[in-house]
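> Return a 3D structure for these sequence lines:
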Amino acid sequence: MNLKSALFSGVAAATLAAALPAAADETLKVGTLAPEKSPWGQVMTTWQKVLEKKANGAVKLQFFWNGQQGDEKAMVEKIRTGQLDSAAISATGLSNINKDVLALQMPGIFSDWSKLDAARDKVRPKLDAKFEANGFRILGWGDVGQAKMMTKGFKVNGPQDLKGKGVYALASDSIGPVLYSEIGTTYKTLTVTEILPALSGGTIQVLNSPALVAEQLQWASKVDHINTSTGVFAIGAVVFSSTKYKGLPPDVQKLLDETGAMAGKALTNRIRSEDSAAFERLKGKMTSYESDQAGKDAWKAIFEKVRGKLKGQKFDGAIFDEIIAAAK
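Numbers count the residues shown, from 1 in each chain. Model prediction:
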């Protein structure tokens, strides 16, 4: 089954069988950090083609790839000011809209994707409503991958091995600074586009990223060790301006909702598979290892401290408790 048929098969495709009546052309601008030829880009391009065909000229999508509209924080601000209509962003970008999404990104709380699914399904209605209250509509939730610790020239068995090393936190990240503070090491603040030059120049030697992201953004060639443990199951979503959405005809709104949800599902399914394959490739190229029990215990203790500091401050503690209960 090809990507297009996999994305819009069965009952979902049947609901979209009839194209909308021809209407005035409405171009919707969508930003993303993803490269156009990446797995994320391929799914979104398929979404674009199917949406435009079913819209019959009523609406078109214009994608801005590779961070052409800035980092995720910048894209969120551009949606607020009407310069963009939509963006496909990770939890880092989503947290610039509502920080409660960070409750799903706390390190060390999920053991596999099924646990994340259960937790996200449990709190999704509340999160969707919170985003709507902040002027954004979630068209579809998706995934980014399993974050792995990758390094240049050394292993990271436990948190203490990061002391004195070149680590970084994304410019709008709320978790990394707290984590490195607990470990007792300094960090650089970088945007996504600054990571590759920093790795190339040796100013950072530590990368905490899903394998697929590391491959697609050319980071993987700059590191040579990979810890097989997963600290975070990284998520994302396609967000849309609520103001723009409400100004569209009802039939176009319905089409956006239906195709956006299916694009999110396709992103979830494909990215998990692609990320797993990328991880296997990187294990074959790098020195792969697993932390010993002492290292695992040390990470667990650090993660608990980080969650304790962020709960109730950066995100709703009640939502976090629901997530923990659902993930058991």
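> which residues in the stretch 1-150 of the chain form helices?
Secondary structure of the stretch 1-150 of the chain (DSSP state H, counting those that start in this stretch): helices located at 3-7, 10-15, 39-55, 72-80, 91-94, 113-133.
> can you put these in TSV and add distance to residue 194?
Just so you know, the C-beta spots here come from the backbone N, C-alpha and C atoms, and that holds for glycine as well. Listed next are those as TSV, based on distance: least, CB to CB, whole Å:
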stretch	distance to residue 194
helix 3-7	32
helix 10-15	39
helix 39-55	20
helix 72-80	13
helix 91-94	14
helix 113-133	28
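> ok, of those helices, where does mean pLDDT dip lowest?
When the helices of the stretch 1-150 of the chain are compared by mean pLDDT, helix 10-15 comes last with a mean of 42.
> Flag the shaky bits of the stretch 151-300 of the chain, pLDDT-wise.
Applying pLDDT under 70 to the stretch 151-300 of the chain flags no residue at all.
> if you compare the helices of the stretch 1-150 of the chain, which one is most tucked away?
helix 91-94 (a mean of 25; mean count of other CB atoms under 10 Å).
> nearest residue to residue 173 other than its sequence neighbours?
Among residues not flanking residue 173 along the chain, residue 92 sits closest, at 5.6 Å (CB to CB, 6 or more residues apart in numbering).
> Tell me how far residue 239 lies from residue 126.
Distance, residue 239 to residue 126, using CB to CB, to the nearest Å: 16 Å.
> tell me the contacts of residue 243?
Residue 243 is in contact with 82, 135, counting by CB atoms under 8 Å, 6 or more residues apart in numbering.
> What score does residue 58 have for pLDDT?
If you check residue 58, the pLDDT there is 87.
> That one is in contact with residue 254, isn't it?
No - with contact defined as CB atoms under 8 Å, residue 58 and residue 254 do not form a contacting pair (11.5 Å).
> quick one, which of the two is more surrounded?
Using other CB atoms under 10 Å, the more surrounded residue of residue 58 and residue 254 is residue 58, with 21 against 14.
> can you map out the helices along the stretch 201-328 of the chain?
211-216, 242-246, 250-285, 293-310, 317-327.
> list the helices and strands the fourth one packs on?
Under the contact definition 3 or more CB pairs under 8 Å, 6 or more residues apart in numbering; DSSP states H and E, helix 293-310 sits against helix 176-183.
> would you put the C-alpha positions of the helix it packs on in PDB?
Once non-C-alpha atoms are left out, helix 176-183 reads as follows in PDB (Å, rounded to 0.1, in the frame of the first residue of the first chain):
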ATOM      1  CA  GLY A 176      16.500  21.000  29.500                       C
ATOM      2  CA  PRO A 177      17.600  24.000  31.700                       C
ATOM      3  CA  VAL A 178      16.100  22.300  34.800                       C
ATOM      4  CA  LEU A 179      17.600  19.000  34.000                       C
ATOM      5  CA  TYR A 180      21.100  20.500  33.500                       C
ATOM      6  CA  SER A 181      20.700  22.500  36.700                       C
ATOM      7  CA  GLU A 182      20.000  19.300  38.700                       C
ATOM      8  CA  ILE A 183      23.000  17.600  37.100                       C
END
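> contacts for that helix?
Residues outside helix 176-183 that contact it (CB under 8 Å, 6+ apart) are 107, 159-160, 162-163, 167-170, 186-187, 208, 302, 305-306, 309-310.
> by how many degrees do it and helix 293-310 diverge?
Comparing the axes of helix 176-183 and helix 293-310 via axes from the mean of the first three to the mean of the last three CA atoms, to 10 degrees yields an angle of 130 degrees.
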